[in-house]
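got a predicted model here, sequence first, then my questions.
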Amino acid sequence: MWDVYTQEVGRIPASISNEEYRIRQSRLLSQLKPNDLIVIPNPPTSTRSNDVKYPYRCSSDMLYFCGWKDPDSLFCAYNKDGNWITALFVQPSDTLKEIWEGRRPGLEGAKNDWPVDESYSYDELNDNLSKMIRKSSRVFMRLGINPKVDEIVESEMKTQSRERQKHGFGPDSICDPSQMINELRLRKSAAEVELMRYSAKVASQAHIIAMKNTRPGIGEYQLEGLIEGFFKYSKTTGSAYPCIIGSGENATILHYTENKDICNDGEIILTDAGCEYEGYASDITRSWPANGVFSESQAEIYQLVLDSQLAGIEACKVGNSYDAPHLAAREVLAKGLIKLGVIDQELDEALSPDGDLNKWYMHNTGHWLGIDVHDVGIYKPGGEPRLLEEGMVITVEPGLYFGSWRRDVECPKKYENIGIRVEDDILITTDGPEVLSGDCPKTITNIESLIGSG
Ligand code: GLY
Ligand code: MN
Ligand code: MN
């Protein structure tokens, strides 16, 4: 076997086991009452243009509870004589369709190989789901995921509401299970952490490949090609979100995803790219000079952002508030910008909601990371800031953006068109923060020694 890429990403970790899916299911079901029904639909496919579809990505909740990835499917659980029965509705085997569209595990496959007790044909969803709804009192389902399923549930609820008038029983409410589910998804198991480690390892190496191949004149799109190629080469499903690869002025546009320009001598390239492995996202940003050497003003801003990121990571400790990294990073940035003469305010004023730090740093310092890149989990349950716990994964991603094109502020000449963000993925552990993306270099010396070395 020849190697196109020579990066090492280590062993590919095992998928989530059926035992673990069953544990996740029972953690959810143990919070429900015997007459409840839980329904987790997959979204429909969507058309890209004419007869071409967008690549299908199943619902993250579906992935979390049973790992079924194909469209036209629905996971549910109902209680029978005190026992929870889990079921999947799936596309039935159909040779003619499979010749065109690909293999289907079918009802047999679903029941034998997935973590469920029963399987049904998605073609008979209406009848069977309606029957389940009739026997339940509360239906737990997120509306808005699949309009066809919403319609079945809502129509049956309406019918049964008239029936309840006659018989005195039947379903009376649709409840949103998100809060219960999100609490479970927020804390990662050992197997999930392994998948996230792999995802972060691949994304780290992809950034290294991009750094090594950087030289003035390379296209943002070429760096994107190298990165996305490596994502696929490493058996991930590809990018977890559209890559941001912006050089010069483009680095100061937070969600620049066109990636269509040339990286010129003297510019900073900001690359925000992460992949998805078995559904689990990584999310890494690095910023580096196109010509391999930070200018004095670029180095000043880079070092300041890096120092603020290290302070943010340091704050990722069990028992700290979820926003401790944000506050720590902001303080370092504000102090640094005052020292550099960019901000002419006292520290408290600079950090206040209307303070000048917001001119150059306008986003949050992090977010939960997991099956969604901006993963689920309430930041302030009951209005109180959440405290970090072992097994949570959070990004730390401060930045500074000096866009000379902006009309709302006057950009300091010295720092014109410098856009810098440094982002890592942090696992909260009782031994302190573990940087899952720690293979990706970020000191000025390490970055400079890599650029153009490929
Ligand atoms: N890549 C999206 C983010 O950093 O939040
Ligand atoms: Mn990012
Ligand atoms: Mn992020």
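Nice, I can see it. Numbers count the residues shown, from 1 in each chain. Ligands and ions are numbered 1, 2, ... in the order given.

am I right that residue 209 is in a helix?
Yes. Counting by DSSP: H, G, I helix; E, B strand; the rest coil, residue 209 is found in a helix.

that one: how many residues sit nearby?
21 (other C-beta atoms under 10 Å). (Each C-beta comes from the backbone N, C-alpha and C, glycine too.)

same deal with residue 188?
By other C-beta under 10 Å, 23 other residues sit near residue 188.

just the closest residue of the stretch 101-250 of the chain to ligand 3, please.
residue 241 (8.4 Å; C-beta to the ion).

next: the stretch 201-350 of the chain.
Ligand 3 sits closest to residue 283 of the stretch 201-350 of the chain, with a gap of 4.1 Å, by C-beta to the ion.

distance of the closest residue to that residue other than its chain neighbours from residue 446?
Spatial nearest neighbour of residue 283, excluding adjacent residues (C-beta to C-beta, 6 or more residues apart in numbering): residue 274 at 4.0 Å. Per C-beta to C-beta, to the nearest Å, residue 274 is found 20 Å from residue 446.

ditto for residue 424
14 Å.

which is the next helix or strand following the one helix or strand in the chain whose mean pLDDT sits lowest?
Every helix and strand in the chain was compared by mean pLDDT, DSSP states H and E; the lowest is helix 147-167, with a mean of 90. Reading on from helix 147-167 to the C-terminus, the next helix or strand found by DSSP states H and E is strand 173-175.

and that following strand, which strands flank it?
strand 138-140 (parallel) (DSSP bridges).

follow-up on the earlier one: what's the neighbour count on the residue of the stretch 201-350 of the chain closest to ligand 3?
Residues lying near residue 283 (other C-beta under 10 Å) number 27.

need the contact list for it.
By C-beta atoms under 8 Å, 6 or more residues apart in numbering, residue 283 lies in contact with 203, 240, 241, 272, 274, 369, 373, 395, 397, 423, 425.

how near is the nearest residue to the first one once chain neighbours are set aside to residue 340?
If the residues on either side of it in the chain are set aside, residue 203 comes closest to residue 282, at 4.0 Å by C-beta to C-beta, 6+ apart. With distances defined as C-beta to C-beta, the gap from residue 282 to residue 340 amounts to 32 Å.

any idea how far ligand 3 is from the most centrally placed residue in the chain?
The centroid of the chain falls nearest to residue 373 when counting by C-alpha atoms, centre = their mean (0.9 Å). Between residue 373 and ligand 3 the distance is 7 Å, computed by C-beta to the ion, to the nearest Å.

now do residue 428
Separation of residue 428 from ligand 3 (C-beta to the ion) stands at 16 Å.

how close does that residue sit to residue 202?
Taken as C-beta to C-beta, the span from residue 428 to residue 202 is 22 Å.

hang on, the earlier thing: residue 424 and residue 446: which is more packed in?
Legend: neighbour count by other C-beta under 10 Å for residue 424 and residue 446, higher for residue 424 (28 against 11).

test my guess that that one contacts residue 396.
Yes. Taking contacts as C-beta atoms under 8 Å, residue 424 lies within contact range of residue 396: 5.7 Å.

ok, which stretches of the stretch 1-150 of the chain are helices?
In the stretch 1-150 of the chain, the segments counted as helices under DSSP state H, counting those that start in this stretch are 18-29, 60-65, 95-101, 106-113, 125-134, 147-167.

deepest of these, which one?
helix 60-65 (a mean of 22; mean count of other C-beta atoms under 10 Å).

how near is the most far-flung residue of the chain relative to its centre to residue 138?
The C-alpha centroid of the chain is most remote from residue 166, which lies 47.4 Å away (C-alpha atoms, centre = their mean). Separation of residue 166 from residue 138 (C-beta to C-beta) stands at 20 Å.

again with residue 378
Residue 378 is 21 Å from residue 138, by C-beta to C-beta.

again with residue 320
37 Å.

and what of residue 342?
55 Å.

looking at these two, which is more packed in?
Higher neighbour count among residue 342 and residue 138: residue 342, with 24 against 16, using other C-beta under 10 Å.

now that one. Nearest residue, chain neighbours left out?
residue 412 (5.3 Å).

contacting residues around the one you found?
341, 342, 402.

repeat that for residue 441.
Applying C-beta under 8 Å, 6+ apart, we find residue 441 in contact with 208, 211, 286, 447, 450.

one more time with 7 Å, if that's ok
By C-beta atoms under 7 Å, 6 or more residues apart in numbering, residue 441 lies in contact with 447, 450.

where are the low-confidence patches of the stretch 301-450 of the chain?
Scanning the stretch 301-450 of the chain for pLDDT under 70 picks out no residues.

let me see the ranges of the strands in it.
393-396, 399-402, 418-421, 424-427, 434-435 (DSSP state E, counting those that start in this stretch).

okay, these in JSON lines with distance to residue 158 next?
JSON lines is the format used below for the strands of the stretch 301-450 of the chain (distance: least, C-beta to C-beta, whole Å):
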{"stretch": "strand 393-396", "distance to residue 158": "41"}
{"stretch": "strand 399-402", "distance to residue 158": "50"}
{"stretch": "strand 418-421", "distance to residue 158": "50"}
{"stretch": "strand 424-427", "distance to residue 158": "45"}
{"stretch": "strand 434-435", "distance to residue 158": "51"}
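
can you say which of these is nearest to ligand 2?
strand 393-396 (6.7 Å).

contacts for that closest one next, please.
Against strand 393-396 from outside (C-beta under 7 Å, 6+ apart): 188, 196, 283, 309, 312-313, 316, 325, 365-370, 423-428.

which of the residues you listed are buried?
When the contacts of strand 393-396 are checked for burial by 16 or more other C-beta atoms under 10 Å, the buried set is 188, 196, 283, 309, 312-313, 316, 325, 365-370, 423-428.

quick one: low-confidence parts of the stretch 101-250 of the chain?
Short version for the stretch 101-250 of the chain, where the test is pLDDT under 70: none.

near ligand 3, which residues of it are found?
Contact residues, the stretch 101-250 of the chain versus ligand 3 (C-beta under 5 Å from the ion): none.

what does the stretch 351-454 of the chain give?
residue 395.

just the closest residue of the stretch 101-250 of the chain to ligand 1, please.
With C-beta to the nearest ligand atom, the shortest gap between the stretch 101-250 of the chain and ligand 1 falls at residue 241, namely 5.1 Å.

the residue nearest to residue 326 when sequence neighbours are not counted and ligand 1: what is the separation?
Take residue 326 and drop its neighbours on the chain: the residue closest to it by C-beta to C-beta, 6+ apart is residue 365, 3.9 Å away. Distance check for residue 365 against ligand 1: by C-beta to the nearest ligand atom, to the nearest Å, it reads 10 Å.

what of residue 409?
Counting by C-beta to the nearest ligand atom - residue 409 and ligand 1 are separated by 23 Å.

how many neighbours does residue 77 have?
Using other C-beta under 10 Å, residue 77 has 24 neighbouring residues.

wait, it sits on residue 66?
No. The criterion here is C-beta atoms under 7 Å, and residue 77 misses it with residue 66 at 10.0 Å.
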